[in-house]
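Asker: Pasting the sequence and the predicted coordinates here, then a few questions.
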Amino acid sequence: MLSPLADRTYRHLFAAQVIALAGTGLSTVALALLAYELAGGEAGAVLGTALALKMVAYVGIAPVVGSMAHRLPRRGLLIGLDLARAAFVACLPFVTEVWQIYVVIFCLNACSAGFTPTFQATIPDILPEEAQYTRALSLSRFAYDLENLLSPTLAALALLAITYDGLFAANALAFLASAALVLSVRLPQPKPAARGQGAWHNLTFGIRAYLATPRLRGLLALSLAVAAAGAMVIVNTVIFVRDVLGRSESDTALAFAAAGAGSMLVALALPKVLDRVRDRPVMLAGGAVLAVGLGLGLLMPGFALLLPLWLLLGVGSSLIQTPSGRLLRRSSGEADRPAYYAAQFALSHACWLIAYPLAGALGASLGLAPTSGILAVVAVVGTLAAMAFWPAEDPEELEHVHETDGHEHLHVHDEHHQHAHEGGEGPEPHSHPHRHRRLKHKHAYVIDLHHQRWP
């Protein structure tokens, strides 16, 4: 699984990701302490609002940046967003009012909503070979889960020597280190995107193209199942372990660790599995695992059974999340990839924006066993919808017909563009009005300007 690290560019970007994740984990702990200092007993409500604003920023900002990413220098964009994130985090020690927390958190996560999908869309260009890219996805998943497990411990150790303001400073330094690592490598620039000229067309392109692709509609349905299971774990673990089972804080941490361990085990094993098995059965199996795991929550297990149950939910989530980048890579052209990744980032977080309050409200009003059962139904619906949206026969190459058409966009003289010129069009790629003759052919099919509907 470590083989992608042999590539210097990927190695530097992976280090940037790990450092930024570690810094963000420290800030999560520090933010809870800051909220408690400013709001006292209302700190939970403050944190809940801040997390909601985080999700709103992710859902609203990611498509905007994705619509412009193909026009911007990729390395400069990533460095600029890292520097902006460092600046916003550095503001947190100086916050004195709750509303200031909300402003800074929204701005910080607006930058992350631009950075993360652009970063993710860069990796397939650095590692074009599918087996290497699959291993890179597993490394990323492993790093994310490991950060979730270790950050609270690292924060606790750091707080023995420094105040929580120091954790914010450490996060700012982490973002600066990430920017320096991105600066240290040369990133491939994608080909110019052939898109319509209107601002609205570009803004909505990623979402429209994503939803027009059957396998990605299946991915979105499975993302809902992941959000249902994840919300059950994140929102209700502490209530179940402390209030229902009467266990300690360390047992609460152990339950969270079980879910993370399940996800990491899958991340380690999945590259070899995906060398032999297609993505669809693996990801649908993940949805089934989530539905079964949530359904077993109806039994209100004791602590000894809760740990393997939460591990099972971690397994199911990783079976879906780890291969998702393969679907996005397969479903998008190189130039349009940032828009697709931004669409997945926004739509998957929209699922979390639904699941978080649903898990909290149901848990408070109905109790944890009925909540787990209702979320199991959500996971079943998501998995069945994925089966319906994503056909079992899903070849990469599709035969299709292009009818005669005329339009204007930036292009080179490839198979689609064999037309006469008047002499003033300039060097390729160039843009001018042109017509396409009727054409029937077969190739790897993605939604773009020339392929706006699935055949």
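Answerer: Noted; the coordinates are in hand.
Asker: Would you map out the domains in this protein?
Answerer: 8-190, 206-394 (automatic domain parsing).
Asker: Can I get those in CSV including distance to W200 and mean neighbour count?
Answerer: C-beta here means a position set from N, CA and C on the backbone, and glycine is covered the same way. CSV is the format used below for these (distance: least, CB to CB, whole Å; neighbours: other CB atoms under 10 Å):
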stretch, distance to W200, mean neighbour count
domain 8-190, 9, 19
domain 206-394, 11, 21
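Asker: Surely G295 is in contact with I374?
Answerer: No: judged on CB atoms under 8 Å, G295 makes no contact with I374 at a distance of 10.6 Å.
Asker: Show me the common contact partners of these two, please.
Answerer: With contacts defined as CB atoms under 8 Å, 6 or more residues apart in numbering, no residue is shared by G295 and I374.
Asker: List the contacts of N109.
Answerer: Going by CB under 8 Å, 6+ apart, N109 touches 53-54, 57-58, 61.
Asker: quick one: which of those residues sit in helices?
Answerer: Applying DSSP state H to those, the entries found in helices are 53-54, 57-58, 61.
Asker: Which member of these is positioned nearest A131?
Answerer: Y58 (30.2 Å; CB to CB).
Asker: Which strands or helices does the one helix or strand V226 maps to pack on?
Answerer: Secondary-structure assignment from DSSP states H and E places V226 in helix 214-238. Packing partners of helix 214-238 (3 or more CB pairs under 8 Å, 6 or more residues apart in numbering; DSSP states H and E): helix 199-211, helix 249-274, helix 279-296, helix 303-321, helix 324-331, helix 337-366, helix 368-389.
Asker: what's the average pLDDT for the strand or helix carrying L78?
Answerer: Per DSSP H and E, L78 falls inside helix 74-91. In this model, helix 74-91 has an average pLDDT of 94.
Asker: C-alpha coordinates for that helix, CSV please?
Answerer: Provided in CSV are the C-alpha atoms of helix 74-91 (Å, rounded to 0.1, in the frame of the first residue of the first chain):
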residue,chain,number,x,y,z
ARG,A,74,-3.7,24.6,-9.4
ARG,A,75,-0.6,24.9,-7.2
GLY,A,76,-1.3,28.6,-6.6
LEU,A,77,-4.9,27.9,-5.7
LEU,A,78,-3.9,25.2,-3.1
ILE,A,79,-1.2,27.3,-1.6
GLY,A,80,-3.4,30.4,-1.4
LEU,A,81,-6.2,28.4,0.4
ASP,A,82,-3.7,26.9,2.8
LEU,A,83,-2.4,30.3,3.7
ALA,A,84,-6.0,31.6,4.1
ARG,A,85,-6.7,28.6,6.4
ALA,A,86,-3.6,29.4,8.5
ALA,A,87,-4.7,33.1,8.8
PHE,A,88,-8.3,32.2,9.9
VAL,A,89,-7.1,29.6,12.5
ALA,A,90,-4.6,32.2,13.9
CYS,A,91,-7.6,34.5,14.6
